[in-house]
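>>> Return atomic coordinates for the entry below.
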Amino acid sequence: MTPAAAISDPQAFLRALFDAAVERAQPAHSLAPFLPAPPRGRTVVVGAGKAGGAMAAAVEALWPADAPLSGLVVTRYGHVPPGYLSQPRRIELIEAAHPVPDAAGQQAAARIAQQLQGLGPDDLVLALISGGGSALLAQPAAGLTLADKQAINQALLRSGAAIDEMNCVRKHLSAVKGGRLAQLAAPARVVTLLISDVPGDDAAVIASGPTVPDASTCQDALAICQRYGIALPPAALAGLQSGAFETPQPGDPAFAGHAVHLVATPQQSLEAAAALARAHGVAAHILSDAIEGESRTVGQVHAALARQVARRGQPFARPCVILSGGETTVTLPPADSTAGAPGRGGRASEFLLACAIALQGEPGVHALAADTDGIDGMEDNAGAVVGPDTLARATAQGLQAASYLARHDAYGFFTALGDIVVTGPTLTNVNDFRAFYLP
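Modelled structure (predicted):
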């Protein structure tokens, strides 16, 4: 075991922990134990999500060459595994927009629905579902347009609603989510393989649960829209108020004989990072894999905990690593607000900027926060890093951290310091990753 004192580069150490977490969630390593045997009939693969390309590639590699296999999976632009499109494949992979859906996502959803037509009880549907699938499967419910879905999605993203709340609304305004793909596939058996990006690993929330039962209701979706002031077009309002957009509930015969497997989760990735820290002689503590809340508030709470460890050795003794996951939110001002246009930044970077301000240069505290999909919000970075000298370096450059935080411009702040973490798309997604190292 390497002694903790040998860690001379805290930021490199934190990045190694992040890389270990991402590696644990790669479908090539985690999917094989959950693949079913080929059926007597056809096997049709459908799927959606940021990890969709890597999941499709894993199935292609693992599925017997002499067993029938076909299908279609949609992933985010730029998330296709290298070389996948350069040769013929049994599973077609196409790209669409995230987090706001586009016409490519709508066309993909329609084509996926077509793939499920005419299947029989001897056929198998293999559903590859990961985070981001809600936006990528963009088939509006009857009477709604893609423009309606785009406007509602943008409003939800700005509102500060939690992911389960957003996906409750999304699935009720969709023709394919909330278990409806499973209905289309009946009477074929469906095996759903999930990579979780949501707190609690609820299959009905991941990508808005296109192949699993949904216990939420139209009234739940309507209440969420009212709570966050989400304006609904007349067709959406009518469908929710009347219950016409109700999703198939638990116990629906469409789900008989189906199987659901979690092939990668946030907890597993945090445990992989913790194992690497311990291999370096550093105690590792996982706070939770399901921390939610406003990014800046969660950052302030983590900073308070880190200070307590640094100053008093409570609740953990140094040297140590503190890890957490989950999905925080960033509430943006209304589009017509006098606050002006928000800056560039994602939830991980905003968490870290608020944390740095609260730490006020606390000696011996180093931190990294990043999104495991490699994209923090809509920028080109996964996240950022901070250390005891972050605020001092910012001040020397004339950067006012509080001002950047006020306008949600953590990306601009950390870019100016050279402290952003850039990985490119990781081709998986198990949500936020946060790590603190206190030598």
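>>> max-length helix in this protein?
Longest helix in the chain by number of residues (criterion: DSSP state H): helix 295-312.
>>> What mean pLDDT does the helix or strand just after that one get?
Note on helix 295-312: by DSSP states H and E, the next helix or strand toward the C-terminus is strand 320-329. For strand 320-329, mean pLDDT rounds to 96.
>>> Just want the angle from strand 320-329 to helix 295-312.
Orientation check (axes from the mean of the first three to the mean of the last three Cα atoms, to 10 degrees): strand 320-329 against helix 295-312 gives 170 degrees.
>>> Off-centre distance for strand 320-329?
Offset of strand 320-329 from its chain centre (Cα atoms, centre = their mean, to the nearest Å): 14 Å.
>>> Tell me the strands beside that strand, with direction?
For strand 320-329, the pairing partners within the sheet under DSSP bridges are strand 283-286 (parallel), strand 291-294 (parallel), strand 432-438 (antiparallel).
>>> how about those in CSV, adding mean neighbour count and mean pLDDT?
C-beta: built from backbone N, CA, C; applies to glycine. Below are the strands paired with strand 320-329 laid out as CSV (neighbours: other Cβ atoms under 10 Å; pLDDT from 0 to 100):
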stretch, mean neighbour count, mean pLDDT
strand 283-286, 18, 98
strand 291-294, 18, 95
strand 432-438, 27, 98
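>>> possible to save the ones you listed as TSV with distance to Pro333?
Shown next, in TSV, are those (distance: least, Cβ to Cβ, whole Å):
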stretch	distance to Pro333
strand 283-286	34
strand 291-294	14
strand 432-438	23
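>>> of all those strands, which lies closest to Asp376?
Of all the strands paired with strand 320-329, it is strand 432-438 that lies closest to Asp376, at 9.1 Å by Cβ to Cβ.
>>> one step back: mind listing what's buried along the longest helix of the chain?
Across helix 295-312, burial judged by 16 or more other Cβ atoms under 10 Å covers 295-296, 298-303, 305-307, 309-310.
>>> tell me the average confidence for that helix?
pLDDT averaged over helix 295-312 gives 98.
>>> Tell me where this structure has strands.
Taking DSSP state E as the test, the strands found in the chain are 43-48, 70-76, 91-96, 124-130, 189-195, 259-264, 283-286, 291-294, 320-329, 366-371, 383-386, 420-421, 432-438.
>>> can you list those strands in JSON lines and add distance to Asp409?
Listed next are the strands of the chain as JSON lines, based on distance: least, Cβ to Cβ, whole Å:
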{"stretch": "strand 43-48", "distance to Asp409": "31"}
{"stretch": "strand 70-76", "distance to Asp409": "24"}
{"stretch": "strand 91-96", "distance to Asp409": "28"}
{"stretch": "strand 124-130", "distance to Asp409": "29"}
{"stretch": "strand 189-195", "distance to Asp409": "31"}
{"stretch": "strand 259-264", "distance to Asp409": "32"}
{"stretch": "strand 283-286", "distance to Asp409": "31"}
{"stretch": "strand 291-294", "distance to Asp409": "16"}
{"stretch": "strand 320-329", "distance to Asp409": "17"}
{"stretch": "strand 366-371", "distance to Asp409": "16"}
{"stretch": "strand 383-386", "distance to Asp409": "12"}
{"stretch": "strand 420-421", "distance to Asp409": "12"}
{"stretch": "strand 432-438", "distance to Asp409": "19"}
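>>> Relative to Pro140, which of those strands is closest?
Of those, nearest to Pro140 by Cβ to Cβ is strand 91-96, at 14.2 Å.
>>> Sheet partners, orientation included, of that closest one?
Strand 91-96 has these strand partners (DSSP bridges): strand 70-76 (parallel).
>>> I'd like to check the angle between the strand it pairs with and strand 124-130, please.
Using the same axes, to 10 degrees: strand 70-76 against strand 124-130 is 10 degrees.
>>> Point out where the stretch 201-350 of the chain drops to low pLDDT.
335-342 (pLDDT under 70).
>>> got a list of what Ala127 touches?
Going by Cβ atoms under 8 Å, 6 or more residues apart in numbering, Ala127 touches 45-47, 181, 190-193, 210-211.
>>> let's go with 10 Å and repeat that
44-48, 55, 71, 73, 112, 116, 133, 181-182, 185, 190-194, 207, 210-212, 258, 260 (Cβ atoms under 10 Å, 6 or more residues apart in numbering).
>>> partners of it in the sheet?
Judged by DSSP bridges, the bridge partners of Ala127 are Val46, Thr192.
>>> when you give positions from now on, start the count at 16
Taking 16 as the first residue, the last one we looked at is Ala142.
>>> before we move on, the earlier item: which one of the strands of the chain lies closest to Ala76?
Ala76 lies closest, by Cβ to Cβ, to one member of those: strand 106-111, at 10.8 Å.
>>> Extract the CA atoms of the closest one and return them as PDB.
C-alpha atoms of strand 106-111 as PDB (Å, rounded to 0.1, in the frame of the first residue of the first chain):
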ATOM      1  CA  ILE A 106     -27.500  -2.300 -34.100                       C
ATOM      2  CA  GLU A 107     -27.900   1.100 -35.800                       C
ATOM      3  CA  LEU A 108     -26.800   4.100 -33.800                       C
ATOM      4  CA  ILE A 109     -28.000   7.600 -34.400                       C
ATOM      5  CA  GLU A 110     -27.500  10.900 -32.700                       C
ATOM      6  CA  ALA A 111     -29.800  13.600 -31.400                       C
END
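>>> Noted, bye for now.
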